[in-house]
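J.: Below are the sequence and a predicted model; questions follow.
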Amino acid sequence: MLIVCSQIYKRAFSTRSSRSLQKFLSPTEYLEKTEAKKLEDRQFQETLLNTPFEYSPQTLSSRALKDEGRPVPLNVELLKYKPLRLRKTHGDEVCQLFFRGYEEPELARMGEFAARAAYYLGIPMSPLTSLKTEKRLYTVIKSPFAQAKTKQNFHRITYNKKLIAYDANDEVVDMWLSYVNKYKLPQVEMKATITSREKLSYNEDLQNAELEFPLSYEGIEDPVALKVKELLESEEFKRHLK
């Protein structure tokens, strides 16, 4: 894609942090499982459409609390359903968040948490999509002796999922990623690629920008701070800065 009026910069961060063996399904079993899942989803959708959603919020004060019949907050009630998603305004991709781990339910839980947080921050999101699953087989000798003939196999499966954020500024994306990273699961590794757009004259504006020293250096008597100020004002430092 050719971009005429913008420059694209990408940033990334990652977190590093084990999957039980899973039985492989035959083609017939896989088809039966797929059809059963489609039937279950269809019945779930029909139940949602035919069953009216009753919600009657009430106002409770700190002076009159009721132990029974307290209303459930709407955001807690929505945890029973799939995460809500906002519609894309322009469709500009601003962030890709990757999830990697050995337990697929943990990845789904972390992905839904990130999607719900993005909804309440006003960030349009893509659905949680599954990427290529990595499978590795390790064969080692079962005995500590080098001449041992008995070997043991270890099968490791690594799952990958992805979320894409659209139409949000850098500050909101940074806030969203910091919140998700703060409450992340230790079994899930996350990696984010952030895309920001700048003008074509961004490099020229950066070079012509006049750097001013903070006002905290004015009138200070700390010898360490005075030495730092002296180094910052030196021609050697300015030459390396350019």
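T.: Received, thanks.
J.: Quick one: find the helix or strand in this protein with the lowest mean pLDDT.
T.: Each helix and strand of the chain was given a mean pLDDT (mean pLDDT, DSSP states H and E); the minimum falls on strand 7-14 at a mean of 56.
J.: could you give me the average pLDDT of the next helix or strand after it?
T.: For strand 7-14, the following helix or strand on the C-terminal side (DSSP states H and E) is helix 27-50. Averaging pLDDT along helix 27-50 gives 85.
J.: now stretch 224-236
T.: The model assigns stretch 224-236 a mean pLDDT of 79.
J.: Keeping just the C-alphas, turn that stretch into PDB.
T.: Taking C-alpha atoms only, stretch 224-236 is exported to PDB below (Å, rounded to 0.1, in the frame of the first residue of the first chain):
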ATOM      1  CA  VAL A 224      25.500  17.500  40.800                       C
ATOM      2  CA  ALA A 225      22.700  19.300  39.000                       C
ATOM      3  CA  LEU A 226      25.000  22.200  38.100                       C
ATOM      4  CA  LYS A 227      27.500  19.700  36.600                       C
ATOM      5  CA  VAL A 228      24.600  18.100  34.600                       C
ATOM      6  CA  LYS A 229      23.500  21.500  33.400                       C
ATOM      7  CA  GLU A 230      27.100  22.300  32.300                       C
ATOM      8  CA  LEU A 231      27.400  19.000  30.400                       C
ATOM      9  CA  LEU A 232      24.000  19.600  28.700                       C
ATOM     10  CA  GLU A 233      25.100  23.100  27.600                       C
ATOM     11  CA  SER A 234      28.500  22.000  26.300                       C
ATOM     12  CA  GLU A 235      29.300  22.100  22.600                       C
ATOM     13  CA  GLU A 236      30.400  18.400  22.700                       C
END
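J.: how does the protein divide up, domain by domain?
T.: Domain assignment for the chain by the TED database gives 78-197, 202-241.
J.: Point out the most buried one among these.
T.: Ranked by mean neighbour count, those are led by domain 78-197 with a mean of 15 (mean count of other CB atoms under 10 Å). C-beta coordinates here come from the backbone N, C-alpha and C atoms, glycine included.
J.: re earlier: which of the domains of the chain comes out lowest on mean pLDDT?
T.: Sorting the domains of the chain by mean pLDDT places domain 202-241 lowest, at a mean of 71.
J.: Longest strand in the chain, by number of residues?
T.: For the chain, the longest strand by residue count, based on DSSP state E, is strand 151-166.
J.: Check which helices and strands whichever helix or strand comes after it is in contact with.
T.: Later in the chain than strand 151-166, the nearest helix or strand by DSSP H and E is helix 170-182. Helices and strands touching helix 170-182, by 3 or more CB pairs under 8 Å, 6 or more residues apart in numbering; DSSP states H and E, are strand 93-101, helix 104-120, strand 189-198.
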